[in-house]
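Participant: Predicted model, plus sequence, below.
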Amino acid sequence: MDEHLQRPRNACPLSFDADPPRADDPETSILQPQVTLEVAAPDFIVDLSGEPEPLTVTLGSTMVVHGTYSLSLPRRYVFGFHHLHAFLGGDGTVHCQDRANTRRRIRRRWLDKVDPKYVIPDISRSPRGLEVSFDRLTAGRFTRLDGYTFFGSPIEPANWGMWLLHGLLSAYSYVSIGQPGKYLCYAPEAWQQGLLAFIGVRPDRIVNQKPWHTYFCAEFNAHQYTKIDLAVDVMARALFETILARCQSQASVTPSEKIFVSRLSATQSNPNQLYRSLVNEREILAAFQERGYRIIEPEKMSFCEQVLTFRNARLVAGLGGAGMFNAVFCRTGTSVISIEGTSAFANKHARLFASLRHRYGFIFGREDKSGGQAPHNPWYIDVKQLMRAVDANT
């Protein structure tokens, strides 16, 4: 057992890694630096929301794309799930994947996690600031991983888009170093396991991360980003080209110049069927089909089918969400229309499309705010107004 776990009722101040890291920091190495790109604003924004204040997308003429670090940390307690994975040392030093926002994520995602079912260290406020206690981590309540552990869960571990942007790169990096030790990763679903298998991660190396369970890792390695910004960086772009070449050698699809990305099955399979649901999506699908669009549901396609379908498309329209992240496989300059029920995610989606140098625009529908699930309320869009906007901008 570790020495700080032997002390009864021990608490120590929580401390954060320096941002940016010190030049002599032995635990942090730069894989790629931040870069500034010249980017284009949306080609068009059509607001059909009916809101008194117009919905907009804010993106300047330049954009700072995150840098990527490799963290090499001895003796770390690793825990978390959606929007936070904490890497905690026995001295109270904590890291997470989003270096610029570690403090904010700790306060929002850990400070309120008081449910006893979460097997994690306790965090509390004190006159000295935030303090952490390891009292809850009694023997048998956390998992010990001896030797080397590479961490592979993206910051949103159940999100397809974040797997494309970050999860695949972590898996590729692990395979590239020969797959030593264990690969700690949230991957209970078949699609996550399929992505890991495609990259080449051996099943016997994978430790399936349990949400809000603590793992003690004797030797720990993870990717960290200067910030989580949804932009596509140089390393990811190179990996996507490698993936494309492999898919082209293994599979083929019937090319479709115009595709529409549907969320219909994803909505219907969600226990909460009002979650970000376009209530008249079937009408929208029929209208796009009449204009020659092929309707696709990415979750019903193999990975390579998704890659090649998006690569072949000249025009991609669809409902804002994880499926539209497959635009990372499109040719530079592809026309992308993101149809969304709120502007809450539009700036982030704009960063994605702009960093890929696509031509892109947004059409906003009318949010049903009575749902009480903002920003995930159901929504509606007038079919005739929508198609007029599409026709005017394609």
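Facilitator: Nice, thanks for sending it over. Residues are numbered from 1 along each chain as shown.

Participant: Check the contact between residue 379 and residue 278; I expect there is one.
Facilitator: Yes - at 5.9 Å, residue 379 and residue 278 qualify as touching, with contact defined as Cβ atoms under 8 Å. (Each C-beta comes from the backbone N, C-alpha and C, glycine too.)

Participant: who touches both of those two?
Facilitator: Common contacts of residue 379 and residue 278, defined by Cβ atoms under 8 Å, 6 or more residues apart in numbering, comprise 341, 365.

Participant: Show me the shaky parts of the stretch 1-150 of the chain.
Facilitator: Screening the stretch 1-150 of the chain residue by residue with the criterion pLDDT under 70, one finds the ranges 1-10, 113-114, 139.

Participant: what about the helices in it?
Facilitator: 102-109 (DSSP state H, counting those that start in this stretch).

Participant: Buried residues, stretch 242-256. List them.
Facilitator: When burial is assessed from 16 or more other Cβ atoms under 10 Å, stretch 242-256 yields the following buried residues: 243-244, 247, 253, 256.

Participant: can you pull the contacts of residue 370?
Facilitator: For residue 370, the residues meeting the contact criterion (Cβ under 8 Å, 6+ apart) are residue 377.

Participant: nope, residue 92 is what I was after
Facilitator: The neighbourhood of residue 92, defined by Cβ under 8 Å, 6+ apart, consists of 12-15, 131-132.

Participant: got TSV for those residues, with neighbour count and distance to residue 231 too?
Facilitator: TSV is the format used below for these (neighbours: other Cβ atoms under 10 Å; distance: Cβ to Cβ, whole Å):
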residue	neighbour count	distance to residue 231
12	17	36
13	13	34
14	24	29
15	14	29
131	17	35
132	27	32
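
Participant: Max pairwise distance over those: which two?
Facilitator: 15 and 131 (10.5 Å; Cβ to Cβ).

Participant: can you tell me the helix or strand for the nearest residue to residue 253 once chain neighbours are set aside?
Facilitator: In space, residue 253 comes closest to residue 308 once its chain neighbours are excluded; the distance is 4.6 Å by Cβ to Cβ, 6 or more residues apart in numbering. According to DSSP states H and E, residue 308 maps onto helix 303-312.

Participant: gap between the nearest residue to residue 105 once chain neighbours are set aside and residue 101?
Facilitator: Spatially, and ignoring its direct neighbours in sequence, residue 105 is nearest to residue 84 (4.7 Å; Cβ to Cβ, 6+ apart). Computed as Cβ to Cβ, to the nearest Å, the residue 84 to residue 101 distance reads 10 Å.

Participant: how about stretch 199-218: buried residues?
Facilitator: Buried residues in stretch 199-218, defined by neighbour count with 16+ other Cβ under 10 Å: 199, 201, 205-207, 209, 212-217.

Participant: try stretch 30-39
Facilitator: Of all the residues in stretch 30-39, those buried under the rule 16+ other Cβ under 10 Å are 32, 34, 39.

Participant: How about stretch 289-300?
Facilitator: Judged by neighbour count (16+ other Cβ under 10 Å), stretch 289-300 contains these buried residues: 293, 295-296, 298.

Participant: which two in those residues are spaced the farthest apart?
Facilitator: Distances among the buried residues of stretch 289-300 were taken as Cβ to Cβ; the most separated pair is 293 and 298, at 14.6 Å.

Participant: for the closest residue to residue 294 other than its chain neighbours, what are its contacts?
Facilitator: Once its chain neighbours are removed from consideration, residue 294 has its nearest residue in residue 256; the separation is 4.1 Å (Cβ to Cβ, 6+ apart). Residues touching residue 256, when contacts are defined by Cβ under 8 Å, 6+ apart, comprise 294, 309, 312-313.

Participant: tell me which of those residues is nearest to residue 145?
Facilitator: When the contacts of residue 256 are ranked by distance to residue 145 (Cβ to Cβ), residue 309 comes first, at 38.6 Å.

Participant: is it true that the closest one touches residue 296?
Facilitator: Yes - counting by Cβ under 8 Å, residue 309 touches residue 296, with 6.3 Å between them.

Participant: Return every residue with contacts to both of these two.
Facilitator: Residues touching both residue 309 and residue 296 (Cβ under 8 Å, 6+ apart): residue 259.

Participant: Could you check which of residue 84 and residue 101 has the larger neighbour count?
Facilitator: Neighbours of residue 84 and residue 101, each counted by other Cβ atoms under 10 Å, are more numerous for residue 84; the result is 22 against 18.

Participant: The more buried one: what's it in contact with?
Facilitator: Residues counted as contacts of residue 84 (Cβ under 8 Å, 6+ apart) are 96, 105-106, 108-110, 155.

Participant: how near is it to residue 27?
Facilitator: Note on residue 84: its distance to residue 27, by Cβ to Cβ, is 19 Å.

Participant: May I ask which helix or strand encompasses the spatially most central residue of the chain?
Facilitator: Taking Cα atoms, centre = their mean, the centroid of the chain lies closest to residue 162, which sits 2.3 Å from it. Secondary structure here is read from DSSP H and E; on that basis residue 162 sits in helix 160-162.

Participant: Past that helix, which element shows up next along the chain?
Facilitator: helix 168-176.

Participant: What lies in contact with that following helix?
Facilitator: Helix 168-176 is contacted from outside by 150-152, 154, 183, 185, 195-196, 199-201, 205, 222-223, 235-236, 239, 243, using Cβ under 8 Å, 6+ apart.

Participant: Likewise for stretch 97-108?
Facilitator: Counting by Cβ under 8 Å, 6+ apart, the neighbours of stretch 97-108 from elsewhere in the structure are 14, 16-17, 19-21, 69, 83-86, 94-96, 123, 130, 154-155, 166, 222-228.

Participant: what lines up beside whichever strand in the chain runs longest in the sheet?
Facilitator: Among the elements of type strand in the chain, defined by DSSP state E, the one spanning the most residues is strand 68-81. Paired strands of strand 68-81, with direction, are strand 28-32 (antiparallel), strand 84-89 (antiparallel), strand 215-225 (antiparallel) (DSSP bridges).

Participant: and these as a markdown table, adding distance to residue 339?
Facilitator: Formatted as a markdown table, the strands paired with strand 68-81 follow (distance: least, Cβ to Cβ, whole Å):
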| stretch | distance to residue 339 |
| --- | --- |
| strand 28-32 | 33 |
| strand 84-89 | 30 |
| strand 215-225 | 29 |
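
Participant: That's all I had, so thanks and see you.
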